[in-house]
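J.: Next input, structure requested:
(2 chains)
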Amino acid sequence: MSAHAEAHEHHGPPPIHYSSRVSPATLGMFLFIASEIMLFGSFFTVYFFVRVVNNGVNGVWPPPPYHRPAFVAGVNTLILVTSSFTMHWADTSIKKGNRRGMQAGLVLTVLLGLTFLLTQIVEYHRLGFNTSDTSFAATFFGLTGLHGAHVFVGLTILTVMMVRAFRGHFSPEHHHGIEIGGIYWHFVDVMWIVVYVTVYLL
Amino acid sequence: MQNPFRSEEAAFRFVWVTIGYFGLIVIGSLINAWVGLAVFIVLTAGGAWYLLTRRSDEEQPERQAPATHADAEHRILVVANETVGGSVLLGTIREHAAGRTVRVRVVCPALNSPLKHWVSDEDAARGAAEARLERSLASLRAAGLGAEGEIGDGDPIQAIEDALRTFAPDELIVSTHPPGRSNWLERGVVEHARERFDLPLTHVIVDLEAEQS
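T.: You can find the predicted model right below:
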């Protein structure tokens, strides 16, 4: 169809022309990621500062008598990575018009996310130290707690998506909610991998 | 650079990239702290190089055909920076206009530094572009060519894209400095314009230093 013919068939206002070649959605996601990098970056900066200072004293990290529950956190990592799979399943299912797959994927993702959050809360109770004990404890809770808050926000988004999915929303053509929620969930997963490796393993 | 979170699928892939990246660093660290550091440096440098050199999907040329115009006139869109007043460019425009009714629009991108662009400090850049444009239009009119002009976006591709929406040209003329002195050539502006716009494109090289000497 020629541009001329198209102009005759077009009704309503002209299509939006953005002055930038970066689409609003991409720009928004860039700004969001930039803000999150700054937020997590400030917490990591504090963590590494505290770590470097304490390593200078005795060369052991974390400082005795603290220990990091790496195994439990490792299991939690597997749970969160698995939830990324189920999230991706939900997204690909709705793209193919498979509503059952989308609903199952979302339910599993929410359940896995809840399991992660509950496991982290149980882990906090069993750690044997609290936020005000030392700078290590404060930064440990600060980083993992910040991530936990992101998981909570992600779970809220996922729950809304799940309710909408069971109410018949979303289709292969219109599934922006699933797409955006999925991106956020994967971002939370990526941040956990960084936190887990940095705080629990290295 | 590609946004790793541009879609759910891309974000899911990025989860795997992150697992691989940190997994290798952890394995290196288990062998020796220095090995871990070396793995970190190599992977980070390699990843940065890959991200910065790879052309993103969003930048893949999406060929655009300009809107047609009913007039019998031939429309030429000229995009030029400092070379806008060059005699080679004026000669080329005259050559392309010979023997037909033409309408020429000259677009002068408001060239600015990245920092000033990001803080929206464009007044000086627009002022300079306006002065260049006025000189160029005066030269074209003196040569008997009816020409109009506008200040364009600092990005020449964006400036062309903007002009296509209001001018509907039949051909494009892009003027640059010679290779080695042209920032536009270094950035591949002419190639990108050829790929992106479904229009005949003439590239004119203007050597201002040679013209002035």
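J.: now residue A:83: how far from residue B:202?
T.: 56 Å (Cβ to Cβ, to the nearest Å). Bear in mind the C-beta positions are built from the backbone N, C-alpha and C, glycine included.
J.: Equivalent analysis for residue B:132, please.
T.: In this structure, residue B:132 lies at 20 Å from residue B:202, with Cβ to Cβ as the measure.
J.: Wondering if the biggest helix by length in chain B reaches chain A at all.
T.: For chain B, the helix reaching the highest residue count under DSSP state H is reported as helix B:8-31. Yes: taking Cβ under 8 Å from any Cβ of the partner chain as the criterion, helix B:8-31 and chain A are in contact, through B:8-9, B:11-12, B:14-15, B:18-19, B:22, B:25-26, B:29.
J.: Using PyMOL, make a named selection holding only the buried ones among those.
T.: Paste this into PyMOL to select the buried members of the residues of helix B:8-31 next to chain A, with burial taken from 16 or more other Cβ atoms under 10 Å in any protein chain shown:
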select buried, chain B and resi 8+9+11+12+14+15+18+19+22+25+29
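J.: of the residues of helix B:8-31 next to chain A, closest to residue A:195?
T.: Looking at these and their distance to residue A:195, the nearest is residue B:22, at 10.4 Å (Cβ to Cβ).
J.: okay but that closest one is in contact with residue A:200, surely?
T.: No: between residue B:22 and residue A:200 there is no contact under Cβ atoms under 8 Å: 11.4 Å.
J.: Domain-wise, how is chain B divided?
T.: Structural domains assigned to chain B are B:8-59, B:74-212, following automatic domain parsing.
J.: before we move on, back to that, neighbour count winner among residue B:132 and residue B:202?
T.: Under the neighbour definition other Cβ atoms under 10 Å in any protein chain shown, residue B:132 and residue B:202 were set side by side, and residue B:132 has more, 22 against 17.
J.: mind listing what that one touches?
T.: Taking Cβ atoms under 8 Å, 6 or more residues apart in numbering or on different chains, we find residue B:132 in contact with B:81-82, B:84-85, B:108.
J.: Now the helix ranked longest in chain A: buried residues?
T.: In chain A, assigned by DSSP H, the helix with the most residues is helix A:24-58. Applying a neighbour-count criterion of 16+ other Cβ under 10 Å, the buried positions in helix A:24-58 are A:26, A:29, A:36, A:40, A:43-44, A:47, A:50-51, A:54.
J.: likewise stretch B:25-38?
T.: Burial within stretch B:25-38, assessed by neighbour count using 16+ other Cβ under 10 Å, is assigned to B:25, B:28-29, B:36.
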